[in-house]
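**Student:** make a model of this:
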Amino acid sequence: MDRARWIEHLKTDQGPGSPFRTSTSRDPWGDRLADVFEINGQLVHRIVSLVGRFHRTPEAPLGVLLVGDVGGGKTHFLSTLCHSVSAEGGLFSFADIRPLTNWNQPLKHLLSEVVCNLNQRPPQDRSHTQLERIAARTIARFLRERYRDDTPARVRQAEEWAARIEVSPDHVLRRAREIEVWDAVARTVTRWLESRNPRMWGTALKVFFQYPIPHRRETVVHWLRGESPDDEGDLKLLGLKPDPASVTAEGQEEQALKTLVTLGHLLSYDRPLVVSFDQLENVITPPERLAAFGRMLLELYTYIPGMLPLVSARGDLWSRCRQKLDPAIVQRFESNRLDLVPCTKEQSLALIRSRLVSLGLPPELPPLFPLDEEPIRSRLEAALAAGSLSPRLVLMKADHLWKAALGELDDEAPPETPVETLRQKLEGIRQSIHADPARHPPDDGVLSEALDLAFCYPHDGWGAKLDEVTLTRQDRFVDLVVQVRAGKSSVRTGIMVDVEQNPNAVAASLRHGLALKRKGEVDRLVFVRDGRVPFPRPPRWPTTNALRDQLTAAGGLVQLIPHDQVVLWHALVRLHQEVRAQDVTYLWWGGQPQVVLPQHFRVFMGTLCVGAAWDRIVAFCLPEGLGEQILDGSLSGGDPIGLDRPTPVPTHPHPHLDPDLAEKLHRGVERVLRDAVTGMMPARKVYEELGDEILSGIRFETFLETMGRWPRVARFHSKSGVILKLKAGR
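**Tutor:** This next block holds a predicted model:
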């Protein structure tokens, strides 16, 4: 065994990287590293048992509440549950419902998320999506029921056909290539389903059974998600007629409920769907969002069969939520409450070993390599000695020791900073979204929330120029009203985010915006669309395109967001959701874990240049003069900063200070920090220690900015504020 050679291999870019880095994975469907079943594994069995009970009575009002502390492994447990479908014989399907962004249409959001999940290929069967499986199993049930009272030979033949379909759905799905044959089968099965259960919606069944037809699938998924087709060609493809109600918010909510009820009954011919709601931090405020979340749960319990809701939350957060939810809902969840427990020392070691095994290192290396030699082994034992550690904390400590074993720790800086952690996390989320665009279709709620972040966490370059920014909601058409004041100038801008693909729905939004502009309720108007759903070229959408041109002629801005920037906007929203949920952590001095706080996210956003479309919208909302400076790069940082390269550092550390004053400030800060026992001190205390003689009237904010530019001092953020640390050397 050449230990030194393997150590060097692990340190190179070609090495596998640390196996402990994925301690917070928001996507339960994503690739999952090895688990230790003993860590909360018995809870999986309890949920499986509950699902079995639910399968026998799919309309029973059951729910599951999963409670765990920060870093306790809630999200990772959901991933384990999702992937355990295979190990448990495929007893249930799994749907991860992302946090609600558009609380005006909660049922449409729920439907869209359910369909996106069912359109996935589950871990235990990569050959078919869950929607294909449901269609095939429904037909298998039809065969059994249709010929149940026929001759023994026909009964036996029907049973053989049904059994083959259940083992391999292709036995029936391949007939979808013969359109006329498949349509005839679908009509027969649809009539049978409607006769058995009048609550199933015939239109939804008609569309659903066209899903296996390859050239119709994309349009079918679009319709099942609750969206209106963009023209009569798509309606004709699905055999539907125009429905004026489907372009209104109320009509879409009603259609979403009927489609969810239909899908719920179809699930009874296959298996239950565990519907998972994670990160409740993102639904508790504002009150309208929590009310919308409560409505989703109430509809699941009251009308929608076959779907078992699972809510995961911290204990303190659930205590706040339960006070504002329907008592009947609360009682049903709390009757099946599951509490995640910390890891023992033995479980922690087993978790570390399982992650190391995933590296695929030669078997002759020790099980804990490269953490097996002193002093790393003793530090590992000491870190785990007390037990009662959350899985995330175990992995963070192991990652810290991994870096120490490979000689990658810098004693002059903390192992991680919150801003760098956010940068790395954002890039990871961005890559996962980019790799799976079908899981992230156009979403007006996400784009609206991203623009909300733009003004809540402004870029340092232009944010400091503003005296006041007020964000309000106008109505269901106008997602955001931005009131910006800088000096004596004030601008009120309405931002409309629209991803509808029906021309009548888009035209209604444009008319509403133009009316607001004419009435003087807004000074400016921005109309934002996901670049994946552009305005079709003439002669299509003649009325809608004419209204768009009117908006532009009236001084409005119509902005299409390119797909690469849409991906980044989605990633920023999800990152912010994880920060609010306290799901992002970093290692501080001595390997101590810290939670990334909202103020860290503010610092991060203050230096991030998102892209040209983002800057163009922000610039349009600012008073005259400031917007132009953003577009020419003088206030926004110029070209967008790549996520894989650091922010450029000015060549002169203090271009805004007199050189003599800067030198005096340097000497004073060095003296104060050298006198500190640890060589570090809160920036506010350093500022106070210097006194007026050295500071010469410099404000604290200017002092902080100056320290951020000086290479001799490291600047970190903590709960108590900014920390300054003197770097080694001269």
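**Student:** start to end distance for stretch 368-375?
**Tutor:** 13 Å (Cα to Cα, to the nearest Å).
**Student:** now do the buried residues in it.
**Tutor:** 368-371 (16 or more other Cβ atoms under 10 Å). Heads up, the C-betas are built off the backbone N, CA and C, glycines and all.
**Student:** with secondary structure, pLDDT and distance to Leu422 added, can I get those in a markdown table?
**Tutor:** Formatted as a markdown table, the buried residues of stretch 368-375 follow (DSSP: H, G, I helix; E, B strand; the rest coil; pLDDT from 0 to 100; distance: Cβ to Cβ, whole Å):
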| residue | secondary structure | pLDDT | distance to Leu422 |
| --- | --- | --- | --- |
| Leu368 | coil | 89 | 31 |
| Phe369 | coil | 90 | 31 |
| Pro370 | coil | 90 | 28 |
| Leu371 | coil | 91 | 27 |
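**Student:** what's near enough to touch Arg289?
**Tutor:** Counting by Cβ atoms under 8 Å, 6 or more residues apart in numbering, Arg289 makes contact with 100, 103, 282-283.
**Student:** equivalent analysis for Cys116, please.
**Tutor:** 225, 438-439, 441 are the contacts of Cys116 under Cβ under 8 Å, 6+ apart.
**Student:** would JSON lines of those residues with distance to Leu267 be doable?
**Tutor:** As requested, the contacts of Cys116 are exported to JSON lines (distance: Cβ to Cβ, whole Å):
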{"residue": "Arg225", "distance to Leu267": "17"}
{"residue": "Ala438", "distance to Leu267": "21"}
{"residue": "Arg439", "distance to Leu267": "20"}
{"residue": "Pro441", "distance to Leu267": "22"}
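**Student:** what's the lowest-pLDDT member of these?
**Tutor:** Among those, Ala438 has the lowest pLDDT, at 80.
**Student:** grab the nearest non-local neighbour of that one.
**Tutor:** Of all residues not flanking Ala438 in the chain, Asn119 sits nearest, at 6.8 Å (Cβ to Cβ, 6 or more residues apart in numbering).
**Student:** run a quick neighbour tally on the one you found.
**Tutor:** The number of residues packed near Asn119 is 20, by other Cβ atoms under 10 Å.
**Student:** tell me the phi and psi of Pro391?
**Tutor:** Main-chain torsions, Pro391, degrees, to the nearest 10: phi -60, psi -40.
**Student:** now it: closest residue in space that isn't a chain neighbour?
**Tutor:** On the basis of Cβ to Cβ, 6+ apart, the spatially nearest residue to Pro391 that is not a chain neighbour turns out to be Gly73, at 4.1 Å.
**Student:** wouldn't that neighbour be in contact with Gly41 here?
**Tutor:** No: when contacts are counted by Cβ atoms under 8 Å, Gly73 is not listed as touching Gly41 (11.4 Å).
**Student:** give the rounded mean pLDDT of stretch 712-721.
**Tutor:** 66.
**Student:** widest-spaced pair of the contacts of Cys116?
**Tutor:** Within the contacts of Cys116, Arg225 and Arg439 form the most distant pair, 11.9 Å apart (Cβ to Cβ).
**Student:** which element is Arg217 on?
**Tutor:** Under DSSP states H and E, the secondary-structure element containing Arg217 is helix 217-224.
**Student:** dump the helix or strand that that helix is followed by to CSV, keeping only the CA atoms.
**Tutor:** Next helix or strand after helix 217-224 toward the C-terminus (DSSP H and E): helix 232-238. As requested, the backbone C-alpha atoms of helix 232-238 are provided in CSV (Å, rounded to 0.1, in the frame of the first residue of the first chain):
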residue,chain,number,x,y,z
GLU,A,232,-55.9,25.9,-30.9
GLY,A,233,-53.3,23.5,-32.5
ASP,A,234,-52.4,22.1,-29.1
LEU,A,235,-56.1,21.8,-28.1
LYS,A,236,-56.8,20.0,-31.3
LEU,A,237,-53.9,17.7,-30.7
LEU,A,238,-55.4,16.7,-27.3
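**Student:** how about the contacts made by the closest residue to Pro562 other than its chain neighbours?
**Tutor:** Closest residue in space to Pro562, ignoring its immediate chain neighbours: Gly531 at 4.9 Å, by Cβ to Cβ, 6+ apart. Taking Cβ under 8 Å, 6+ apart, we find Gly531 in contact with 560-563, 565-566.
**Student:** okay, these in a markdown table with distance to Arg518, pLDDT and secondary structure next?
**Tutor:** A markdown table is the format used below for those (distance: Cβ to Cβ, whole Å; pLDDT from 0 to 100; DSSP: H, G, I helix; E, B strand; the rest coil):
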| residue | distance to Arg518 | pLDDT | secondary structure |
| --- | --- | --- | --- |
| Leu560 | 24 | 95 | strand |
| Ile561 | 27 | 95 | strand |
| Pro562 | 31 | 94 | coil |
| His563 | 34 | 92 | helix |
| Gln565 | 31 | 94 | helix |
| Val566 | 31 | 95 | helix |
